[in-house]
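Peer 1: can't give you the sequence, but here's the structure:
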Ligand code: FES
């Protein structure tokens with residue numbers, strides 16, 4: 001039987017080969033101009049596109065929502081609610097890239113006069129781009145954007161239909177996008193948001209969230225600060241509070257400041273939620289790399305020499321032990337492509353030719369082969385000696 005099947009397979013394969021050769025023989029010599037599959041791929045992933053700021057409005061006393069559209073009125077690339085956009089701002093003559101979760105909904109990008117929005121909170125002194133967006137960015141400014149990035153979105157084949165969103169601070173933005181899409185009827189899921197803020201003034205997009213509440217979207221604001229008139233939930237997003245609102249078999253989506261991630265890992269652990277049901281938005285660049293297990297704190301005050309090879313160019317720049325290679329490069333005015341700045345996407349993949357480094361354990365998105373062959377994601381790698389790296393030429 002096996003031999004008979006084998007002969008059949010060989011016969012079938014040779015018939016396919018003959019048919020292909022005949023098709024080549026008889027093909028028209030005219031070149032094929034239409035490339036429908038390539039066209040769809042280019043529409044979905046056009047890479048960096050030109051955008052213009054078309055509107056800026058207040059989202060809370062400490063944050064602003066910025067709307068972007070294509071200057072030629074063209075279509076925006078599609079994205080899933082929860083994904084992020086990487087934006088290139090020109091600040092003081094330098095191009096600075098930053099990722100932001102998209103706070104508008106996919107349907108708002110699809111419709112006529114489509115737009116995409118981000119919501120950015122003013123920094124507490126450690127984020128000059130956040131302050132630039134809040135204080136300096138103006139309607140009419142041109143930027144470049146790469147959108148539809150990241151894995152933080154609802155996937156019905158993988159996730160439970162009920163999303164339990166745990167948000168802190170400006171980490172509410174991807175859930176605003178999801179809530180809008182659900183309320184619009186173009187995302188088939190239920191969403192419960194537990195949103196932690198310090199004070200009621202800190203609640204970002206409060207009115208927008210309230211307007212989206214309905215059968216499928218529930219928002220619970222939780223204040224950790226001491227506000228005597230607050231009638232809602234108080235404290236932190238503890239296991240007890242989560243249990244009060246979470247349905248059985250929910251998928252947990254978590255987005256917020258880095259300290260909240262550590263806290264919530266413990267709280268969700270107490271609830272026995274299986275790992276496959278928990279999704280964290282990317283971590284962002286580590287606020288304090290010295291706090292991570294394995295970081296050699298005795299080196300924290302060192303500054304090393306970073307030799308950067310780009311084609312035939314070689315530059316030597318200073319690199320602090322507590323700043324990622326990306327930050328050292330940007331500080332020296334050397335461009336390197338980034339998107340997530342969290343070690344996940346691989347846009348900043350860099351070959352290490354020489355030297356020691358530390359990789360942030362929360363942001364080590366390298367593949368096994370990359371580890372073996374000396375590649376790092378420069379946004380998540382920190383120098384621990386003089387180093388030589390090779391980056392692509394822009
Ligand atoms: S920018 Fe995404 S991995 Fe570095």
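Peer 2: Arrived safely, thanks for sending. Predicted model only: the values in this text are computed from it and were never measured. Numbering: from 1, shown residues only.

Peer 1: residue 343: what secondary structure?
Peer 2: Secondary structure assignment for residue 343 (DSSP: H, G, I helix; E, B strand; the rest coil): coil.

Peer 1: dihedrals phi and psi, it?
Peer 2: The phi and psi values for residue 343, taken as degrees, to the nearest 10, are phi 80, psi 0.

Peer 1: contacts only, for it.
Peer 2: Listed by C-beta atoms under 8 Å, 6 or more residues apart in numbering, the contact partners of residue 343 are 282-283, 359-360, 362-366, 377, 379-380. Every residue, glycine included, has its C-beta placed from N, CA and C.

Peer 1: give me the subset of those residues touching the ligand.
Peer 2: By C-beta under 6 Å from any ligand atom, the members of the contacts of residue 343 lying near the ligand are 365, 377, 379.

Peer 1: return the item of these having minimum pLDDT.
Peer 2: The lowest pLDDT within those belongs to residue 365, with 90.

Peer 1: counting neighbours, which of the ones next to the ligand among the contacts of residue 343 comes out on top?
Peer 2: residue 379 (30 neighbours; other C-beta atoms under 10 Å).

Peer 1: export the ones next to the ligand among the contacts of residue 343 to JSON lines and tack on distance to residue 226?
Peer 2: Output for those, formatted as JSON lines (distance: C-beta to C-beta, whole Å):
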{"residue": "365", "distance to residue 226": "39"}
{"residue": "377", "distance to residue 226": "41"}
{"residue": "379", "distance to residue 226": "37"}
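
Peer 1: now, those residues that are in strands?
Peer 2: Of these, the ones assigned to strands by DSSP state E are residue 377.

Peer 1: name the nearest of the ones next to the ligand among the contacts of residue 343 relative to residue 300.
Peer 2: Closest approach to residue 300 among these (C-beta to C-beta): residue 379, at 18.8 Å.

Peer 1: where does pLDDT dip in the stretch 51-200 of the chain?
Peer 2: Along the stretch 51-200 of the chain, the model assigns pLDDT under 70 to residues 125-126.

Peer 1: longest strand in this protein, please.
Peer 2: Ranked by residue count, the top strand of the chain under DSSP E comes out as strand 49-60.

Peer 1: list the buried residues of that one.
Peer 2: The neighbour-count check on strand 49-60 (16 or more other C-beta atoms under 10 Å) flags 49, 51, 53-54, 56, 59-60 as buried.

Peer 1: which among those gets closest to the ligand?
Peer 2: Closest approach to the ligand among those (C-beta to the nearest ligand atom): residue 49, at 18.2 Å.

Peer 1: pLDDT score for that closest one?
Peer 2: Turning to residue 49, the model gives it a pLDDT of 96.

Peer 1: that one against residue 145, yeah?
Peer 2: Yes - in this structure residue 49 lies within contact range of residue 145 using C-beta atoms under 8 Å: 6.0 Å.

Peer 1: any residues touching the helix or strand where residue 265 lies, and which ones?
Peer 2: Assigning secondary structure by DSSP states H and E places residue 265 in helix 258-271. With contacts defined as C-beta under 8 Å, 6+ apart, helix 258-271 is touched by 166, 168-169, 171, 196, 236-239, 242-243, 246, 252, 254, 256, 278, 280, 283-284, 286-287, 362.

Peer 1: try it again with 7 Å
Peer 2: 166, 168, 236-239, 242-243, 252, 254, 278, 280, 283-284, 287 (C-beta atoms under 7 Å, 6 or more residues apart in numbering).

Peer 1: and the furthest pair within those residues?
Peer 2: Most distant of those, by C-beta to C-beta, are 243 and 287, 29.2 Å apart.

Peer 1: show me where the stretch 151-300 of the chain has helices.
Peer 2: Using DSSP state H, counting those that start in this stretch, the helices of the stretch 151-300 of the chain run over 173-183, 206-212, 239-245, 258-271.

Peer 1: switch these over to CSV; also include distance to the ligand and mean neighbour count.
Peer 2: Output for the helices of the stretch 151-300 of the chain, formatted as CSV (distance: least, C-beta to the nearest ligand atom, whole Å; neighbours: other C-beta atoms under 10 Å):
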stretch, distance to the ligand, mean neighbour count
helix 173-183, 17, 26
helix 206-212, 29, 16
helix 239-245, 30, 15
helix 258-271, 16, 15
